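S.K.: Dropping a prediction and its sequence here:
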Amino acid sequence: MHSLSHMHKSYERNALDETRAAADPLQQFSAWFDEALDGSELEPNAMTLATVDPAGRPSTRVVLIKGFDQDGIVWYSNYHSRKGRDLDGNALAALQFHWLGLQRVVRIEGRVQRLGCAESDAYFDERPLGSRIGAWASPQSQVIAGRAELVQAFAELQRRFGPNPPRPPHWGGYRLAPDYWEFWQGGANRLHDRLCYRWQDGQWRRQRLAP
């Protein structure tokens, strides 16, 4: 076994307590997200999406958040991908943001629904042309013979659609409506700060968790 026991980092950059945290988790997330955007994070909008297939097998992947509000967290993807198939069978999912420079993690759990066609169309039309062609060219998560297959499909679709490709019917947005949030701030001696928010009886209940 390759031992990594010598690797250790002390987290002492900041703290999180009840007197400083917002009563509404969306407000707390918005404040932290703004700090991540203003800092040195390489990809502050990257989040890990965890899904479970109908057989109970979990899987994770990194996707990009494209919006958030009181209704939830939004991203876009291929509906026929593995995550899309998982969500078709089990709409419960989890998200995680990890901002290394800020020594922070945000975890979010809830139920996922597809966005309406109008929202997906509007976002798709804003994407760079190459990304719009790519959404058609890639049979996401499917086995392919090699990269040349993708390159050829991209070129053919580029000729077919020109500068105005429509949104593929198998591609669009998702929204996770949270019922659980957790905010983690690294602390010295592994005494990290963890505050969670649970949706109970029509309101958010905030609690501290042991690290």
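M.R.: Nice, I can see it. All values derive from a computational prediction rather than experimental measurement.
S.K.: In the longest strand along the chain, which residues are buried?
M.R.: With DSSP state E setting the assignment, residue counts place strand 171-185 as the longest strand in the chain. The neighbour-count criterion (16 or more other Cβ atoms under 10 Å) identifies 171, 172, 173, 174, 175, 176, 178, 181, 182, 183, 184, 185 as the buried residues of strand 171-185. (Glycine included, C-beta is placed from N, CA and C.)
S.K.: what do you get for stretch 11-19?
M.R.: Buried residues in stretch 11-19, counting neighbours by 16+ other Cβ under 10 Å, are found at 11, 16.
S.K.: got the end-to-end distance for it?
M.R.: Its start and end residues considered, stretch 11-19 measures 20 Å (Cα to Cα, to the nearest Å).
S.K.: Please apply the same query to stretch 1-19.
M.R.: Start and end residues of stretch 1-19 are separated by 44 Å (Cα to Cα).
S.K.: Contact partners for the closest residue to residue 78 other than its chain neighbours?
M.R.: Excluding the flanking residues, the one nearest residue 78 by Cβ to Cβ, 6 or more residues apart in numbering is residue 140, at 3.9 Å. Taking Cβ atoms under 8 Å, 6 or more residues apart in numbering as the criterion, residue 140 is in contact with 77, 78, 80, 81, 82.
S.K.: swap the cut-off to 10 Å and go again
M.R.: Taking Cβ atoms under 10 Å, 6 or more residues apart in numbering as the contact definition, residue 140 lies against 77, 78, 79, 80, 81, 82, 83, 84, 134, 170, 171.
S.K.: Wasn't residue 150 part of a helix?
M.R.: Yes - Residue 150: assigned to a helix according to DSSP: H, G, I helix; E, B strand; the rest coil.
S.K.: Adjust the sequence numbering to begin at 14 for everything that follows.
M.R.: Shifting the count to begin at 14 puts that one at residue 163.
S.K.: pretty sure it is touching residue 149, no?
M.R.: No - with contacts defined as Cβ atoms under 10 Å, residue 163 does not count as touching residue 149, sitting 11.0 Å away.
S.K.: now the helices: where do they sit in this structure?
M.R.: The residue ranges that make up the helices of the chain, judged by DSSP state H, are 38-51, 95-102, 130-139, 142-150, 160-174.
S.K.: of all these, which lies closest to residue 115?
M.R.: In this view, the helices of the chain are compared for proximity to residue 115 by Cβ to Cβ, and helix 38-51 is the closest at 6.2 Å.
S.K.: Many thanks, we can stop here.
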